[in-house]
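**Student:** this one's sequence-less:
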Ligand SMILES: Cc1cc2nc3c(=O)[nH]c(=O)nc-3n(C[C@H](O)[C@H](O)[C@H](O)COP(=O)(O)O)c2cc1C
């Protein structure tokens, strides 16, 4: 069901961000700039504050939290590749009870916006963590990770429209005041296709909005997670990651993610006014700018933090110079503003 574009009431935005060319309204969540730290790459919540001034990033997405604590996979679970990183962390995290006890209070006092990431293997598990996050002051949105390639069944919800629609409508019910973001997998590019899976998240059949300012499904899409991949040690002839396969991130996946964002924007997100967060291989401001032109309202940086923990600040500074150079008042005016390809008869 489509209820049409929703006009979003805004949550907080710190400092003088109202006048900044980078101030961003992400589905009603006000960000001082559109550069966020990606789930699982910045600690559980605010640990990167030791090396990075969090006031200068748009937000932090927490480590994906599951209902029970998880050890994750055995080492090796991260290895470098020529064009990024392979990881098979396996959703190692402290679990929702320890998160609520030790971290939830930090969301309110954090100097930036905190978005809670959730991973699980059943609808009940997702709902349990979402219900807990809904009670966290200072957490205006949650991100459902339905796209983890590093655990058994980690991508199931992100690869099946019916399962995903069911999950989104159930989680929606426990989030009366919290925005719902859904993080999709690049594997959706094949079957059912990124537009079909995005539609299932945005317009789950039969779901009802819980209020006049709510959508029945996702408020925003995060595109995308890592790409299923593998590396083999040719001497031992064994996979280099203990789990065998893993997920590729970093510059190698950036063009794939740009294409996914572009196709989702034109296929459904533009017509339903659903913002997209572009994720994959952002190291430089140009990578983020590409995502914006393809249709993203914000970006997340993961692997870039391992190369240079301060790269989000450089990305934000570069974006600001770009916006001023192009003579627009706010970066939102550039969302989806890619020009036609050189061959006007070709489709992208
Ligand atoms: C070490 C590592 C851990 C990750 N953990 C999570 C996680 O817990 N939840 C999640 O949704 N994505 C996780 N991701 C995926 C990232 O959030 C991001 O989607 C992906 O790495 C692509 O972005 P990048 O190229 O900027 O790294 C992880 C990625 C890496 C490299």
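**Tutor:** Perfect, thanks for sending it. Model, not experiment: these values are computed from the prediction.
**Student:** which bits of this protein sit near the ligand?
**Tutor:** 38-41, 63-64, 78, 85, 87, 89, 91, 117, 145, 183, 225-226, 249-250, 253, 279-282, 301-304 (CB under 6 Å from any ligand atom). (C-beta placed from N, C-alpha, C; glycine too.)
**Student:** Report the buried members of those residues.
**Tutor:** 38-41, 63-64, 85, 87, 89, 91, 117, 145, 183, 225-226, 249-250, 253, 279-282, 301-304 (16 or more other CB atoms under 10 Å).
**Student:** Out of those, name the ones that lie in helices.
**Tutor:** Of these, the ones assigned to helices by DSSP state H are 303, 304.
**Student:** unless I'm mixing things up, residue 250 is touching residue 303, no?
**Tutor:** Yes: Residue 250 is in contact with residue 303 according to CB atoms under 8 Å; the separation is 3.8 Å.
**Student:** got any residues that touch both of the two?
**Tutor:** Residues within reach of residue 250 and of residue 303 at once, by CB atoms under 8 Å, 6 or more residues apart in numbering, are 84, 85, 281, 283.
**Student:** what's the distance between residue 240 and residue 332?
**Tutor:** Counting by CB to CB, to the nearest Å, the separation of residue 240 from residue 332 is 42 Å.
**Student:** pLDDT averaged over the helix or strand where residue 197 lies - what is it?
**Tutor:** Following DSSP states H and E, one finds residue 197 within helix 194-202. The pLDDT scores in helix 194-202 average 96.
**Student:** Could you list every helix and strand in contact with that helix?
**Tutor:** helix 161-172, strand 179-184, strand 220-223, helix 254-264 (3 or more CB pairs under 8 Å, 6 or more residues apart in numbering; DSSP states H and E).
**Student:** elements contacting the longest one?
**Tutor:** By that I understand helix 161-172. By 3+ CB pairs under 8 Å, 6+ apart, helix 161-172 packs against helix 123-134, strand 141-145, helix 156-159, strand 179-184, helix 194-202.
**Student:** Can you flag the weakest of the ones you listed by average pLDDT?
**Tutor:** helix 156-159 (a mean of 86).
**Student:** now stretch 320-334, how far from the chain's geometric center?
**Tutor:** Distance, stretch centre to chain centre, for stretch 320-334: 23 Å (CA atoms, centre = their mean, to the nearest Å).
**Student:** Same question for stretch 242-259.
**Tutor:** For stretch 242-259, the distance to the chain centre is 14 Å (CA atoms, centre = their mean).
**Student:** First-to-last residue distance for it?
**Tutor:** 31 Å (CA to CA, to the nearest Å).
**Student:** buried stuff in that stretch?
**Tutor:** Buried-residue list, stretch 242-259, by 16+ other CB under 10 Å: 243, 246-254, 256-259.
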